[in-house]
Structures are given as C-alpha cells and as structure tokens.
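Trainee: Generate a structure from the sequence data that follows.
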Amino acid sequence: MDMKGAYIILCSCGTLYIGETSRSINQRMKEHATDIKHKRTKSSNLAEHAKKTMHHICIEEIRVV
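Mentor: Predicted coordinates:
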C-alpha cells in the first residue's frame, strides 16, 4: 500500500488502533511491526499495548479509511 492517510489496526482483544500518516501506509506498518517486535513503546502506542497485554496485534489485517 503506497497510499497515505488514516488506517485502523485491530488487536486480538478487539481494541482498535487508529493512526494517520503522511508517508506510505505500508512503510508505517513495517515500522509498527518493528516497534512491536523490539518492544519500542516510546515510538508506538500500539507496541505499548502489545507489551502490556501480550495480545496479538493484527497488522496483517489493516484497514485503510
């Protein structure tokens, strides 16, 4: 996805994360995945939620809005 704009990512607990980027959404998803993998909670609220709850973040099921 090379588009820019708003997106929604779902957590396995049902919580929705809504984000917005002026860069490629595909690139931002890669950054979120890396942040989650390395538990970088300062740069990603999504990573913070994953670390605190040990839930699965469904990045592969992103929805562009």
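Trainee: Name the nearest residue to the spatially most central residue of the chain, sequence neighbours excluded.
Mentor: Centroid-nearest residue in the chain, with C-alpha atoms, centre = their mean: H32, separated by 4.7 Å. The shortest distance from H32 to any residue other than its chain neighbours is 5.3 Å, reached at L46 (C-beta to C-beta, 6 or more residues apart in numbering). To be clear about C-beta, it is placed using only N, CA and C from the backbone, and glycine gets the same treatment.
Trainee: just to revisit the earlier point, quick one, what contacts the residue nearest to the centre of the chain?
Mentor: I9, G19, S44, L46, A47, I57, I59 (C-beta atoms under 8 Å, 6 or more residues apart in numbering).
Trainee: Let me have the residues you listed in TSV, extended by pLDDT, distance to M3 and neighbour count.
Mentor: Shown next, in TSV, are the contacts of H32 (pLDDT from 0 to 100; distance: C-beta to C-beta, whole Å; neighbours: other C-beta atoms under 10 Å):
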residue	pLDDT	distance to M3	neighbour count
I9	95	15	20
G19	93	13	18
S44	86	20	23
L46	90	19	21
A47	92	23	22
I57	94	21	23
I59	89	16	15
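Trainee: for the protein, what's the longest helix?
Mentor: helix 25-37 (DSSP state H).
Trainee: Now find how far off-centre it is within its chain.
Mentor: 6 Å (C-alpha atoms, centre = their mean, to the nearest Å).
Trainee: Stretch 53-65 now?
Mentor: On C-alpha atoms, centre = their mean, the centre of stretch 53-65 falls 6 Å from that of its chain.
Trainee: Could you check it and say which residues are buried?
Mentor: I57, I62 (16 or more other C-beta atoms under 10 Å).
Trainee: I figured D35 hits S43, correct?
Mentor: Yes - look at D35 against S43 with C-beta atoms under 8 Å: they come within range, at 5.5 Å.
Trainee: quick one: which of these two has more around it?
Mentor: For D35 versus S43, neighbours defined as other C-beta atoms under 10 Å are more numerous around D35 (21 against 13).
Trainee: all helices for this structure, in order.
Mentor: 25-37, 45-53.
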